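1. Got a sequence here, can you build the structure:
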Amino acid sequence: MSYDFQKGLSAAEGGDYATALREWSPLAKQGDAAGQFSLGVMYANGQGVQQNDKTAVKWYILAAEQGNAFAQFSLGLKHATGRGVPPDFKTALKWFRSAAKQGLDRAQDRLGLEYDIGFSVRRNNKTAVKWYTLAAEQGHADAQYNLGVIYSEQEVGS
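-> Numbers count the residues shown, from 1 in each chain. Prediction:
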């Protein structure tokens, strides 16, 4: 039998998680990174399956190790919040950075925030601006706002 990622995606978007699960599970088990990430999302959100952060992390890891930027970002969030794994900001930063280097705007914004606020790294406005700018140029509204805040604070402080 042939499984179809797009059919699963259309089903999930329509709220038919049983069909999405039926399409994505075999793909994920065969090593398909998009299928693995999508199953991770289903488990993270409890969509058509019992909500389970540990199982979500399992699928995210498999997809992230294949270079799936969305899985890398999601795995970073899990490590940052300690959902499904013990909190580990160093590992979170590693995954955020991997996704950001691939151009994922939300990961770039998150890295900007890390450097702006100093969550898991030493504060560095120059590095924060770099990551915010990359995300802002892609139209990421939070990054645009955060970049504006940094620039306005620099002018006020000068």
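
2. element containing the closest residue to residue 55 other than its chain neighbours, please.
-> Nearest non-adjacent residue to residue 55, counting by Cβ to Cβ, 6 or more residues apart in numbering: residue 43, 4.3 Å away. Just so you know, the C-beta spots here come from the backbone N, C-alpha and C atoms, and that holds for glycine as well. Element membership for residue 43, per DSSP states H and E: helix 33-45.

3. Which positions within stretch 113-129 qualify as buried?
-> 113, 114, 115, 116, 120, 127, 128, 129 (16 or more other Cβ atoms under 10 Å).

4. Stretch 88-107 now?
-> 89, 91-93, 95-100, 104-107.

5. Output these in JSON lines; the columns should cover pLDDT, secondary structure and distance to residue 74.
-> Output for those, formatted as JSON lines (pLDDT from 0 to 100; DSSP: H, G, I helix; E, B strand; the rest coil; distance: Cβ to Cβ, whole Å):
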{"residue": "89", "pLDDT": "93", "secondary structure": "helix", "distance to residue 74": "16"}
{"residue": "91", "pLDDT": "96", "secondary structure": "helix", "distance to residue 74": "13"}
{"residue": "92", "pLDDT": "96", "secondary structure": "helix", "distance to residue 74": "11"}
{"residue": "93", "pLDDT": "95", "secondary structure": "helix", "distance to residue 74": "14"}
{"residue": "95", "pLDDT": "98", "secondary structure": "helix", "distance to residue 74": "8"}
{"residue": "96", "pLDDT": "97", "secondary structure": "helix", "distance to residue 74": "10"}
{"residue": "97", "pLDDT": "97", "secondary structure": "helix", "distance to residue 74": "14"}
{"residue": "98", "pLDDT": "98", "secondary structure": "helix", "distance to residue 74": "12"}
{"residue": "99", "pLDDT": "98", "secondary structure": "helix", "distance to residue 74": "9"}
{"residue": "100", "pLDDT": "98", "secondary structure": "helix", "distance to residue 74": "13"}
{"residue": "104", "pLDDT": "98", "secondary structure": "coil", "distance to residue 74": "10"}
{"residue": "105", "pLDDT": "98", "secondary structure": "helix", "distance to residue 74": "14"}
{"residue": "106", "pLDDT": "98", "secondary structure": "helix", "distance to residue 74": "10"}
{"residue": "107", "pLDDT": "98", "secondary structure": "helix", "distance to residue 74": "10"}
